[in-house]
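1. mind looking at a prediction? Sequence and model below.
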Amino acid sequence: MNKPRMKIFIIGGHVTPAVGVIDEIEKKHPDWVVVFVGRKYAQEGDRHPSVEYEIMTSRGIRFLPIIAGRLQRSLSLQTIPSILKIPVGFIQATYYCLHERPQCIVSFGGYVAVPIAMVGALFGVPVITHEQTRIPGLSNKIIAKFAKKICVTFDETARNFPPAKTIVTGLPLRRDLFCPPSEFITDVHEKKYPIIYITGGATGATSLNERIFPLIGQLLKKYTVVHQIGIHSFHNAETIRGQLSKEDQARYVIARYFGLKEISWILHHAALVVCRSGANTVVELAVFGKIALCIPLPWSAGNEQYHNAKWLQEHGGANVLMQKDATPQKILQDIHQMMNSRDMFASRAKRLAPLVPQDGARRFVEQIDTIL
């Protein structure tokens, strides 16, 4: 009689490290069945598919949608509708756990992970969670109470969790980041027009885009601009690009979000990155020794993005520009200043790689093995 295949639920709102872990599972345990549980749509009331839905379905990974109420620290107009969704999420979680019978639940935090992690633990399914950030989110603080293992990216994060079950693994990095394609942007002279990569993360950053759009014409005089825009500002970017000359259009490369191989190419070729400073972004910048102009998200929990950006700056790989000061002209000024001194910044940025584990995915999957 054939032994049943191991089934793993991967859950949570942080898809980037989840992909790194899935890569490692497929390499080490090709017989395991991976099922992803998460948001099907990018935002509530929005019919655009979420990034995680598109990534997982494109890889042939089963995707189970879940509706979950967001845990909120303060009252707002969204509090009551969000609270009403909490029982829906737990009902779905109960059905999925009973019907699918996973042998392990792997959480990457976020409010969508809470129902599955809690229900699974109550049914005796071992739970392992990963905290990407320096300051743990509320969801992971709850999930940690039910988890058999808690893995963290940064040493300083470990003190927030029980020492007996907390391990510093580093951030699980996506395997394909280290294998860039030979070609992506083929008709641009990189020495004449160095590449500037502008990104607010996989979902974009509308407030950052609004500050960048007025600069596109001026930036294209000296640089190639690769811009990951997200869903909601993409039409504006298309309009701006359509008004450019054909030569400039070729050097303004836009996408709602870039695929993994494209991002790998960009990270290997970009002279400067203009970005938010979430944990995934900061670690990838450090690993590849990229110089960055970081504009932290001002409302990140515990001012997390500011602390991430300051860490990069203190080690010489970045400048930090607060959003309240980030006028279009100030952004342009800082870009020019950093590009004029990029050799100095680049030599400092290269020192960052040894500070960041590059085998976080392998370490994390080893911890999964210990609880099965």
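-> Here it is on my side, so go on. Numbers count the residues shown, from 1 in each chain.

2. count the neighbours of Ile335 for me.
-> 22 (other CB atoms under 10 Å). The way it works is simple: take the backbone N, C-alpha and C, and place the C-beta from them, glycine included.

3. repeat for Ala237
-> 21.

4. ok, it to Thr327 distance?
-> According to CB to CB, to the nearest Å, Ala237 stands 20 Å off from Thr327.

5. how about Gly316, what does it touch?
-> Gly316 is in contact with Phe345, Arg348, Ala349, Arg351, counting by CB atoms under 8 Å, 6 or more residues apart in numbering.

6. buried among those? Need that as a selection in PyMOL.
-> To isolate the buried members of the contacts of Gly316 in PyMOL, using 16 or more other CB atoms under 10 Å:
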select buried, resi 345+348+349
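
7. dump the contacts of Gly316 into JSON lines; add distance to Gly120 as well.
-> Below are the contacts of Gly316 laid out as JSON lines (distance: CB to CB, whole Å):
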{"residue": "Phe345", "distance to Gly120": "45"}
{"residue": "Arg348", "distance to Gly120": "44"}
{"residue": "Ala349", "distance to Gly120": "41"}
{"residue": "Arg351", "distance to Gly120": "42"}
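
8. now, among the contacts of Gly316, which is nearest to Thr157?
-> Arg351 (22.1 Å; CB to CB).

9. in three-state terms, label the closest one for me.
-> Under DSSP: H, G, I helix; E, B strand; the rest coil, Arg351 falls in the coil class.

10. wait, what's in contact with it?
-> The contact partners of Arg351, by CB under 8 Å, 6+ apart, come to His315, Gly316, Gly317.

11. look up phi and psi at the second one.
-> The phi and psi values for Gly316, taken as degrees, to the nearest 10, are phi 90, psi 0.

12. one more: the first one?
-> With angles defined as degrees, to the nearest 10, His315 shows backbone torsions of phi -90, psi 10.

13. for Val225, same thing?
-> For Val225, the backbone dihedrals (degrees, to the nearest 10) come out as phi -110, psi 120.

14. then Lys40?
-> According to degrees, to the nearest 10, Lys40 has phi -80, psi -30.

15. apart from its chain neighbours, what residue comes closest to it?
-> Leaving aside its sequence neighbours, Lys40 sits nearest to Pro65 (CB to CB, 6 or more residues apart in numbering; 3.8 Å).

16. which residues touch the one you found?
-> Pro65 neighbours (CB under 8 Å, 6+ apart): Val37, Gly38, Arg39, Lys40, Tyr53.

17. how close does it get to Leu220?
-> Pro65 is 40 Å from Leu220, by CB to CB.

18. what of Gly120?
-> For Gly120, the distance to Leu220 - CB to CB - is 51 Å.

19. who has more neighbours out of these two?
-> The neighbour comparison of Gly120 against Leu220 (other CB under 10 Å) goes to Gly120, with 23 against 20.

20. not counting sequence-adjacent ones, nearest residue to that one?
-> Closest to Gly120 by CB to CB, 6+ apart is Ile105, at 4.3 Å.

21. so that neighbour makes contact with Phe123?
-> No. With contacts counted by CB atoms under 8 Å, Ile105 stays clear of Phe123, the gap being 9.7 Å.

22. wait, a helix at Gly60?
-> No. Using three-state DSSP, the assignment for Gly60 is coil, not a helix.

23. quick check: it vs Ile371, distance?
-> Counting by CB to CB, the gap from Gly60 to Ile371 is 26 Å.

24. okay, these two: which has more neighbours?
-> Ile371 (14 against 7).

25. excluding chain neighbours, what is closest to that one?
-> Pro126 (4.3 Å).

26. likewise for Gly109?
-> Counting by CB to CB, 6+ apart, the residue nearest Gly109 is Asn140, at 4.3 Å.

27. what pLDDT does the one you found get?
-> Reported pLDDT at Asn140 in the predicted model: 94.

28. same question for Arg59.
-> 94.

29. tell me who's in contact with the residue lying closest to it once chain neighbours are set aside.
-> In this structure, Arg59 finds its nearest non-sequential neighbour in Ile22, 7.6 Å apart by CB to CB, 6+ apart. Shown in contact with Ile22 (CB under 8 Å, 6+ apart): Ile10, Val34, Arg59, Ile61.
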